[in-house]
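Colleague: Any chance you can model this:
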Amino acid sequence: MRRWLEAALLATGLSLVCAAGWRWTERSVVEARPQLASILRPGLKLAGTLDIPRLRMHVLVLEGDEQDALSISAEHVPGTAELGSHGNAAIAAHRDAEFRVLRGIRLGDRVRIRSAATYIYVVKNIRVVGADDKTALSQDGRSLLTLVTCYPFRYVGNAPERFIVQAELEGT
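Modeller: Numbering: from 1, shown residues only. Below you'll find the model as predicted:
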């Protein structure tokens, strides 16, 4: 019985290490060659890039199925405005991966989006809301960029809240 249990635990551990290694490899490949995203995961395409210079953050933003896109990069949230267009464009990413550095974001920080053109946003609002609160994604007539990730940053498991950063379009 003991040997069976040891073998089962070893197999489980190896499976988890392999899965994490594959996820890391996918992220690395897509970051190095964004055009390969649609080959690794059919249905995904590059929407643009997100940069926050003060935080030295550079993230690829993908379009596609929520779980597929979020597993390898940040995702343009379906149903929100196109990046750089009039309306509220939202980008989501994991708190322990692409959006880890958002812990250090401050009001007034500049956020650069590169898609069809380059758009500059200025952070105007930072807040924490409940996981079911979707008001940050609402359209109110302004040109906004909303960044969404789970909160607290060091929480283990499904986080109970969301960290929201909203920035207004400054120019192109």
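Colleague: residues in contact with the host helix or strand of V111?
Modeller: In this structure, V111 sits in strand 110-114 according to DSSP states H and E. With contact meaning Cβ atoms under 8 Å, 6 or more residues apart in numbering, strand 110-114 is reached by 48-54, 61, 83-84, 89, 118-123, 145, 147, 167, 170. No exception for glycine: its C-beta is placed from N, CA and C like everyone else's.
Colleague: let's go with 6 Å and repeat that
Modeller: Residues outside strand 110-114 that contact it (Cβ atoms under 6 Å, 6 or more residues apart in numbering): G48, T49, L50, D51, I52, L83, G84, Y119, I120, Y121, V122, A167.
Colleague: The first one should be in a strand, yeah?
Modeller: Yes: if the criterion is DSSP: H, G, I helix; E, B strand; the rest coil, then G48 is within a strand.
Colleague: I'd assumed S115 was in contact with it.
Modeller: Yes: under the criterion of Cβ atoms under 6 Å, G48 makes contact with S115 at 3.3 Å.
Colleague: Next, show the common contact partners of these two.
Modeller: In contact with both G48 and S115: L83, using Cβ under 6 Å, 6+ apart.
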